[in-house]
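Colleague: Provided below are the primary sequence and the corresponding predicted coordinates.
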Amino acid sequence: MMETSNLLRLKDRLSISDNEVEITAIRAQGAGGQNVNKVASAVHLRFNIQASSLPDALKSKLLQCRDRRITKDGVVVIKAQEHRSLEKNKRAAYLRLVHLLRSTLAPANKRKPTRPTCSSQKRRVDRKVRRSRLKKLRKKVKFTNDKW
């Protein structure tokens with residue numbers, strides 16, 4: 001009987017297999033009492049972008065992505081420790097990975113160039129005029145001896 005690995009579905013025809021993701025159980029940080037000190041319930045998820053079965057276009061997009069979870073070597077590292085259960089932390093880490101991959105799949109919004117309104121330009125010029133008058137009042141006053 002052949003065992004199939006689970007798939008993480010990103011889109012209709014795009015998915016990654018479970019064996020491309022490396023999960024390590026580690027001890028969680030922070031408060032939690034004896035349970036935290038004894039049980040490895042936190043999860044480190046590692047996903048190598050270059051060794052994955054993703055399309056080359058998506059791989060290059062991911063590698064260019066400026067996310068602190070992506071190392072210089074092209075490995076996505078996600079740490080999940082918010083739950084007390086190892087299974088829930090695994091699920092949370094998988095969901096974060098899928099969210100990261102889906103966010104790079106989405107096309108970037110195109111910027112629509114805008115122009116400043118007439119009233120905003122007028123307000124800007126008025127502020128500049130007011131500021132220049134204020135600065136002129138700070139100057140030393142020069143007296144001429146012609147009339148005195």
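Modeller: Great, that's in hand.
Colleague: going forward, measure contacts between C-alpha atoms and count neighbours the same way
Modeller: Will do.
Colleague: mind listing the helices in the chain by residue range?
Modeller: Assigned by DSSP state H, the helices in the chain fall at 34-38, 56-64, 86-105, 118-138.
Colleague: most tightly surrounded among those helices?
Modeller: helix 86-105 (a mean of 17; mean count of other C-alpha atoms under 10 Å).
Colleague: And stretch 68-85, how far out from the chain middle?
Modeller: 13 Å (C-alpha atoms, centre = their mean, to the nearest Å).
Colleague: thinking again about what came up before, which one, of the helices of the chain, ends up nearest to residue 24?
Modeller: Taking C-alpha to C-alpha, helix 86-105 is the member of the helices of the chain nearest to residue 24, at 9.4 Å.
Colleague: The closest one vs helix 56-64, what angle?
Modeller: 110 degrees (axes from the mean of the first three to the mean of the last three C-alpha atoms, to 10 degrees).
Colleague: same for helix 86-105, what does it pack against?
Modeller: With contacts defined as 3 or more C-alpha pairs under 8 Å, 6 or more residues apart in numbering; DSSP states H and E, the packing partners of helix 86-105 are strand 42-48, helix 56-64, strand 75-80.
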